[in-house]
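Visitor: Please work out how this folds:
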Amino acid sequence: MSRIDVLSTREVPLGGLRAMTVRRTLPQRSRSFVGAWCFADHYGPDDVAATGGMDVAPHPHTGLQTVSWLFAGQIEHRDSAGNVATVRPGEMNLMTGGSGICHSEVSTLDTSILHGVQLWVVLPEEHRHADRAFQHHEPSPVQVDGAIVRVFLGSLVGATSPVQTFTPLLGAEIVLDPQATLDLDVDPEFEHGVLVDTSVARVGGWAVERGEMGYQGHGSSTLTVHNPTDQPARLIVLGGPPFTEEIVMWWNFVGRTHHEIVQMREQWQDASDRFGTVEGYLGETDRIPAPTMPNAILSPRSNPPVGTAEA
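Guide: The predicted structure is shown next:
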């Protein structure tokens, strides 16, 4: 049976004046990436009447792509490439930041429960200055024994997403029937992370609690997930070949050196054309200011030495 590392979660505030709490599994001290996935936030189910929902004012990104996937509620997305879109359950929105973009995210007025994941993908060196872009995809559900699978990036269970990425990736939602076990045929060149949305699941035989991620190294052609409960279990499966480049990641910026990050921060603070502007956002502030830089040189992030799944 393949070895599974269980990545813990921590609660952090997300946003500006009206921050909401999310559970973050990536990055963390023991692991920066799963494939090129470099960031994973899990939130809800939140009662919007009690929490105020999501209201994230315009903020910048560089060197990455954002992936939004909802289980409940709706979010309005606006960006400086002129895109306005609604994120709905079962539909994926992917935004390419590249050399620079900014966007806002606001839960819609008719949203009562907000629940989903926000994911980032690091762009490789040759594509990290790509143009701003936006893609939308609504994957068809695939029924397999004991589960329903929606593949929003890459290929799994015979389904392939048409969405273009800059490195090979896998992203899928799996809803497992009570007591069901699913043996997934996966690319052995990929490492995989399974983020658990519901109470508990077993990944490769290891118990993974809600909000945690079960990590399996590359080298295995099977990824096994099991729902030991009497209720349906929802999982998010992420994968890709090990990402071996070193990056510097701070706030919403991905670069390669401390000096690059300093420049990006200064350009955002100065309202540089690098990031553009978001039209139509009606929040309490027109942009989120960048935090103060730490009083130290930012160190590059990388993963532990590349390992393989153990039989």
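
Visitor: any idea how far residue 127 lies from residue 7?
Guide: 26 Å (CB to CB, to the nearest Å). Backbone N, C-alpha and C define where each C-beta goes, glycine included.

Visitor: Have a look at these two and say which one is more surrounded.
Guide: Neighbour totals were compared for residue 127 and residue 7, and residue 7 leads with 22 against 14 (other CB atoms under 10 Å).

Visitor: Could you check how far the residue nearest in space to the middle of the chain is from residue 169?
Guide: Geometric centre of the chain, nearest residue: residue 119, 1.0 Å, by CA atoms, centre = their mean. Residue 119 sits 10 Å away from residue 169, going by CB to CB.

Visitor: anything in contact with each of these two?
Guide: Residues touching both residue 119 and residue 169 by CB atoms under 8 Å, 6 or more residues apart in numbering: 37, 238.

Visitor: circling back: checking the residue nearest to the centre of the chain next. Helix, strand or coil?
Guide: strand (DSSP: H, G, I helix; E, B strand; the rest coil).

Visitor: I'd assumed residue 37 was in contact with it.
Guide: Yes. Between residue 119 and residue 37 there is a contact at 6.3 Å, judged by CB atoms under 8 Å.

Visitor: Residues in contact with both of the two, list them for me.
Guide: With CB under 8 Å, 6+ apart, residue 119 and residue 37 have common neighbours residue 238.

Visitor: just the strands in the stretch 1-150 of the chain please.
Guide: Applying DSSP state E, counting those that start in this stretch to the stretch 1-150 of the chain gives strands spanning 5-7, 10-14, 20-26, 37-47, 55-61, 64-72, 75-79, 84-87, 92-96, 101-107, 113-122, 133-137, 142-144, 147-153.

Visitor: residues contacting the residue nearest to the centre of the chain?
Guide: 37, 39-41, 66-69, 171, 238.

Visitor: Same question for residue 188.
Guide: Neighbour list for residue 188: 218-221 [criterion: CB under 8 Å, 6+ apart].

Visitor: measure it to residue 53 for me?
Guide: Going from residue 188 to residue 53 by CB to CB gives 42 Å.

Visitor: Understood, closing this out.
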